[in-house]
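>>> Below: sequence and its predicted model.
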Amino acid sequence: MAQNLDALVPIMDGQPVIPVIVIDDAGSAAPLARALAAGGLPAVEITLRTEAALDAIAAIASEVPEAIVGAGTALDAGQYEAAVAAGARFVVSPGFTPDLADAAEGSVPLLPGCVTPSEIMAALAEGYTHLKFFPAGQAGGVAYIKALASPFSAVRFCPTGGVSPDNAGDYLALPNVVCVGGSWVAPKEAVAGGDWDRITALAKEAAEWG
Ligand SMILES: O=C(O)C(=O)C[C@H](O)[C@H](O)COP(=O)(O)O
């Protein structure tokens with residue numbers, strides 16, 4: 001009845017930035033994951049927002065052993081199960097529902113999103129301490145997360161949404177932030193153009209915040 005922290009914490013602690021990927025062509029998935037891992041970001045979150053997402057997760061799981069593939073934007077138990085079946089090693093959701101909590105009783109860890117104190121308390125009651133904070137910038141940013149530290153000293157966040165090279169350092173400096181999520185390390189045009197060197201360079205810069 002709790003979050004699988006043994007599996008999740010090493011992923012969150014392992015790199016300061018988790019790339020958030022919206023993928024249109026599953027054929028790009030393996031080279032993209034290789035490029036990110038080469039830059040020091042092995043864990044990648046493939047959002048379940050496109051038709052190609054599950055195939056992309058499966059491709060990375062089977063072809064890129066140095067990567068740690070996760071699924072993002074899992075909105076319900078069915079999506080959690082599909083992502084796990086495709087090979088996801090962690091699953092991220094923008095929110096948290098009882099349905100997702102039940103599905104995530106298995107071994108693949110869930111990183112659910114919470115913003116308000118009541119949402120955080122509901123997550124704590126389910127045994128969840130490691131939470132996504134989404135949409136980070138719009139929900140209150142660095143100042144808001146800082147204010148959550150005193151009442152929720154056991155909670156650790158991964159802010160995502162509006163995080164960029166300009167503010168990632170500010171988020172990561174907070175004691176209750178372990179990593180951030182962001183799409184900037186894999187720009188759409190670089191993925192479409194197969195510009196893997198650029199993506200490795202962006203990943204290297206991001207990895208240095210750790
Ligand atoms: O789909 C989800 O579940 C999300 O997490 C949305 C993400 O926050 C953004 O895709 C990344 O946000 P940006 O780095 O601002 O582009």
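Ah, there it is. Being a predicted model, the structure only gives us computed values, none of them experimental.
>>> Can you give me the distance of Asn176 to the ligand?
Distance of Asn176 to the ligand, given as CB to the nearest ligand atom, to the nearest Å: 19 Å. Heads up, the C-betas are built off the backbone N, CA and C, glycines and all.
>>> An error on my part: the question was meant for Gly95.
Per CB to the nearest ligand atom, Gly95 is found 9 Å from the ligand.
>>> can you check Leu131 too?
Using CB to the nearest ligand atom, one gets 13 Å for the distance from Leu131 to the ligand.
>>> got a pLDDT number for the nearest residue to that residue once chain neighbours are set aside?
Once flanking residues are discounted, Leu131 sits nearest to Cys114: 4.7 Å by CB to CB, 6 or more residues apart in numbering. Predicted confidence (pLDDT) for Cys114: 98.
>>> residues contacting Cys114?
Gly95, Phe96, Ile120, Ala122, Ala123, Leu131, Lys132, Phe133 (CB atoms under 8 Å, 6 or more residues apart in numbering).
>>> which of those are buried?
Among those, those buried by neighbour count (16 or more other CB atoms under 10 Å) are Phe96, Ile120, Ala122, Ala123, Leu131, Lys132, Phe133.
>>> give me the element the second one is part of.
Of the helices and strands defined by DSSP states H and E, Ile120 is found in helix 117-125.
>>> what ranges do the strands span in this protein?
For the chain, applying DSSP state E gives strands covering 17-21, 43-47, 68-72, 90-92, 110-111, 130-133, 156-159, 180-182.
>>> Partner strands of the third one and their direction?
Looking back up the chat, that one is strand 68-72. strand 43-47 (parallel), strand 90-92 (parallel) (DSSP bridges).
>>> For Tyr80, which of those is the nearest?
Tyr80 lies closest, by CB to CB, to one member of the strands paired with strand 68-72: strand 90-92, at 5.3 Å.
>>> hmm, who's touching the closest one?
By CB under 8 Å, 6+ apart, strand 90-92 touches 7-8, 11, 43, 45, 68, 70-74, 80, 83-84, 104, 108-113, 132, 160, 181.
>>> swap the cut-off to 10 Å and go again
Residues outside strand 90-92 that contact it (CB atoms under 10 Å, 6 or more residues apart in numbering): 4, 7-8, 11-12, 18, 20, 43, 45-48, 68-74, 79-84, 100, 103-104, 106, 108-113, 132, 134, 158, 160, 181.
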